[in-house]
Each structure stands twice: as C-alpha cells, then as structure tokens.
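Undergrad: Just the structure for this:
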Amino acid sequence: MAWGILFLAGLLEVAWAIGLKYTEGFTRLGPTVCTAAALVSSMGLLGVALRTLPLGTAYAVWTGIGTIGTAILGIALLGEPATVIRLACIALIVAGIIGLKLASTA
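TA: Numbers count the residues shown, from 1 in each chain. Take a look at the predicted model:
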C-alpha cells in the first residue's frame, strides 16, 4: 500500500512541477491554485508513505518519479529536446527506482 501511495505522490509531484510552468510566475490564479493543491497533496502523500518506507528510499523514488515524469512531459508538451543522452539518463533513473524497490524490505 505504501508503494502505491508513494507512486501517486510522485505523479502529483509531476503535476505541480509542470504546473509551475503554466502559472507564469504565479500570475495566473487557476494554474497557481492547481499547482499549490498538487504540491500539498504530493507532500502529504509522501508523509503517509514515510510511515512505512525508509526515508532515503521513499524520497529518492518520489523525486525520481517526479524527475522522469517532468522530463517526459517537458519533451511531449513543451518541445524540449529528446536527445539520446537525455533519454539514456532517464532510463538510468528508472533503473535506480527499480533497484531501490527491489532492495526495499517494506
């Protein structure tokens, strides 16, 4: 259950990170409110997951999911480059998350 909560927290991290772009420096109310709600929800769910999971593992996975999702959506939505090296580095982050999950006792 904690891993599912952590995964959802990571997805919400992607939402608030991408949302920051659409707030236009917090000058647009709708995107700002949605971004803030995603941020608070993401942190709250991370806190819930930390009841069971080790801090180092949970935080690394949470930020990894956020990093991967934000990078992929940056490519898909914002026209950021999808170079071979960038995609290879994203794959390394995925491998790290899988490794942390396999090494976890929770």
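
Undergrad: most centrally placed residue in this structure?
TA: In the chain, the C-alpha nearest the mean C-alpha coordinate belongs to Gly66, at 1.7 Å (C-alpha atoms, centre = their mean).

Undergrad: who's in contact with that residue?
TA: Gly10, Glu13, Val14, Ala17 (C-beta atoms under 8 Å, 6 or more residues apart in numbering). C-beta: built from backbone N, CA, C; applies to glycine.

Undergrad: I'd like those as JSON lines, with neighbour count appended.
TA: JSON lines is the format used below for those (neighbours: other C-beta atoms under 10 Å):
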{"residue": "Gly10", "neighbour count": "25"}
{"residue": "Glu13", "neighbour count": "25"}
{"residue": "Val14", "neighbour count": "20"}
{"residue": "Ala17", "neighbour count": "20"}
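
Undergrad: Give the helix, strand or coil label for the nearest residue in space to Ile97 that is not next to it in sequence.
TA: Once flanking residues are discounted, Ile97 sits nearest to Gly64: 4.6 Å by C-beta to C-beta, 6 or more residues apart in numbering. Applying DSSP: H, G, I helix; E, B strand; the rest coil to Gly64 yields a three-state assignment of helix.

Undergrad: so Leu50 touches Gly56, yeah?
TA: No. The criterion here is C-beta atoms under 8 Å, and Leu50 misses it with Gly56 at 10.5 Å.

Undergrad: separation between Thr23 and Val40?
TA: Distance of Thr23 to Val40, given as C-beta to C-beta, to the nearest Å: 15 Å.

Undergrad: Among the two, which residue is more densely surrounded?
TA: Thr23 (18 against 12; other C-beta atoms under 10 Å).
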